[in-house]
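A.B. asks: below are the sequence and a predicted model; questions follow.
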Protein chains: 2
Amino acid sequence: MSLRHAVLALLEVGSMTGYELAKHFDQSVAYVWSAQHSQIYTELRRLETEGLLAVTTVPRGPKELATKRAYRLTEAGAAELHRWVTAIETPASVRDPAYVKATYLEYGSYAEARAQFRAHRTHYEEQRNWYEAHVDVLERRGTALLQRRLNRAPGPAHEAIVAYKVHAYRGLIERAKAEIAWAEDGLELVTRLAAGADPDTPVLQPDAAD
Amino acid sequence: MSLRHAVLALLEVGSMTGYELAKHFDQSVAYVWSAQHSQIYTELRRLETEGLLAVTTVPRGPKELATKRAYRLTEAGAAELHRWVTAIETPASVRDPAYVKATYLEYGSYAEARAQFRAHRTHYEEQRNWYEAHVDVLERRGTALLQRRLNRAPGPAHEAIVAYKVHAYRGLIERAKAEIAWAEDGLELVTRLAAGADPDTPVLQPDAAD
DNA sequence: AGCTCCATGTAAGTCGTTACATGATTCA
DNA sequence: TGAATCATGTAACGACTTACATGGAGCT
């Protein structure tokens, strides 16, 4: 249930349409919690019916033929945002496809195992790069959203606002680095195991026999 | 879609009832992919209708009033297991509630932020301990499942079978350690930010005003 | 007789994905 | 006039969670 709270946090900076919110979402929260625009619209409607958001329908276009819906936080929404930040949640149980596959690599060849680790490394190198770029942007206070957030906040809070976000993304950078190191250790492991063996036949042929 | 493949991998060691499979699951795959027993039974039925598993109904009890269903891998199931290990999947996008909350800690007090990081640390310390214990068990080849797996496999494959699993769990240990370090850095950060401020009032009061 | 384990599910609901669908506005 | 962008959704499906439900077997 992080999407709803991410939405509340985004709207704390001021009212926005679903479309605007989705844009800002893609450039901020999406790094830690991905969501489709369709899901965001659905969630906005739900938060509205629950009274955590209020809506103003704004006409647009010269003839006002079209409208857009501007959402804003209600008192209840602000209270829920605060409740959520304060609440201690037990993290969801582990669920990582790459690691379950890694435990059964013997059903493939050494070459195939290597390919898995290489893909893993490449993926997390990309992640690391994204996160590093995002930390740079945050430190330069370079997103419109962060600007709005800082403008609304009293001066003494500015440091904390930026520091919390930077800390989170730095954590993700370290995590990505750990994944890269793990993949590289995996490649070394495969090299060691494969010494003198055929790299292209499965280490163990999966077998239907009982 | 890791559950189905984990099930196939478990059944590669030989036929089992859903109940037995769920037990083994809890002591192996569950460390990387949690699932309820109810979901396992559902998945077994589905794999059966898809032809990846075959079933034998076995009577039990002295009067054979009850039955149990023993599942085994079919040729198609073994092929699917091999296909999966070989396939390169793009990892699901990031989705971590702890990190989204960490980016919005300014809506709570410093004391509350500290509580979040402490809970995070405690959680991953537990995880690290479980994983470390599991690595020990694996290295001693101490689970019934691993024994069955090794018994079915040719000698030269034994090293790789154990090594892949140990490598996966060692990766999870490193990951847990990274989370612990991140939480500790977070605690330090809060201490720095909180210097001279009231620890119990929100850094920023979430506000409904537009 | 009663407790624990063995054994197998169903039902309702939530969260999220993928694909589809529509139409106005703005600007070149 | 055509393309990109603004703007908002619906529908079907899949994975998973939570809670409920049932009954035999084995042992004391």
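C.D. replies: Here it is on my side, so go on.
A.B. asks: residue boundaries of the strands in chain A?
C.D. replies: Using DSSP state E, the strands of chain A run over residues A:16-17, A:53-60, A:66-73.
A.B. asks: and those strands as TSV, adding mean neighbour count?
C.D. replies: C-beta: built from backbone N, CA, C; applies to glycine. Below are the strands of chain A laid out as TSV (neighbours: other CB atoms under 10 Å in any protein chain shown):
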stretch	mean neighbour count
strand A:16-17	20
strand A:53-60	14
strand A:66-73	18
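A.B. asks: format the ones you listed as a markdown table; extra columns: mean pLDDT and distance to DNA strand C.
C.D. replies: Listed next are those as a markdown table, based on pLDDT from 0 to 100; distance: least, CB to the nearest atom of the strand, whole Å:
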| stretch | mean pLDDT | distance to DNA strand C |
| --- | --- | --- |
| strand A:16-17 | 96 | 12 |
| strand A:53-60 | 94 | 5 |
| strand A:66-73 | 95 | 3 |
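A.B. asks: okay if I get these as CSV plus distance to residue B:96?
C.D. replies: Shown next, in CSV, are the strands of chain A (distance: least, CB to CB, whole Å):
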stretch, distance to residue B:96
strand A:16-17, 24
strand A:53-60, 24
strand A:66-73, 24
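A.B. asks: ok, now how distant is the nearest residue to residue A:124 once chain neighbours are set aside from residue A:172?
C.D. replies: Closest residue to residue A:124 apart from its sequence neighbours, by CB to CB, 6 or more residues apart in numbering or on different chains: residue A:179 at 4.0 Å. In this view, residue A:179 and residue A:172 are 10 Å apart by CB to CB, to the nearest Å.
A.B. asks: identify the contacts common to these two.
C.D. replies: residue A:127 (CB atoms under 8 Å, 6 or more residues apart in numbering or on different chains).
A.B. asks: name the nearest residue to the residue nearest in space to the middle of chain A, ignoring sequence neighbours.
C.D. replies: Central residue of chain A (CA atoms, centre = their mean): residue A:32, 2.0 Å from the mean position. In space, and not counting its chain neighbours, residue A:32 is closest to residue B:99: 4.4 Å by CB to CB, 6+ apart.
A.B. asks: now chain A against DNA strand C: closest residue?
C.D. replies: residue A:61 (1.9 Å; CB to the nearest atom of the strand).
A.B. asks: what backbone torsions are found at that residue?
C.D. replies: Main-chain dihedrals, residue A:61, degrees, to the nearest 10: phi 80, psi 160.
A.B. asks: and it, how many neighbours?
C.D. replies: Residues near residue A:61, counting by other CB atoms under 10 Å in any protein chain shown, number 9.
A.B. asks: number of nearby residues for the closest residue to residue A:113 other than its chain neighbours?
C.D. replies: Among residues not flanking residue A:113 along the chain, residue A:105 sits closest, at 4.4 Å (CB to CB, 6+ apart). Residue A:105 is flanked by 30 other residues according to other CB under 10 Å.
A.B. asks: how near is residue A:105 to residue A:90?
C.D. replies: For residue A:105, the distance to residue A:90 (CB to CB) stands at 31 Å.
A.B. asks: got the confidence number for residue A:28?
C.D. replies: You'll see residue A:28 listed with a pLDDT of 95.
A.B. asks: show me what the longest helix seen in chain A is packed up against.
C.D. replies: When chain A is parsed with DSSP state H, its longest helix is helix A:155-194. If you count contacts as 3 or more CB pairs under 8 Å, 6 or more residues apart in numbering or on different chains; DSSP states H and E, helix A:155-194 packs onto helix A:110-139, helix A:144-152, helix B:97-102, helix B:155-194.
A.B. asks: measure residue A:95 to DNA strand D for me?
C.D. replies: Going from residue A:95 to DNA strand D by CB to the nearest atom of the strand, to the nearest Å gives 6 Å.
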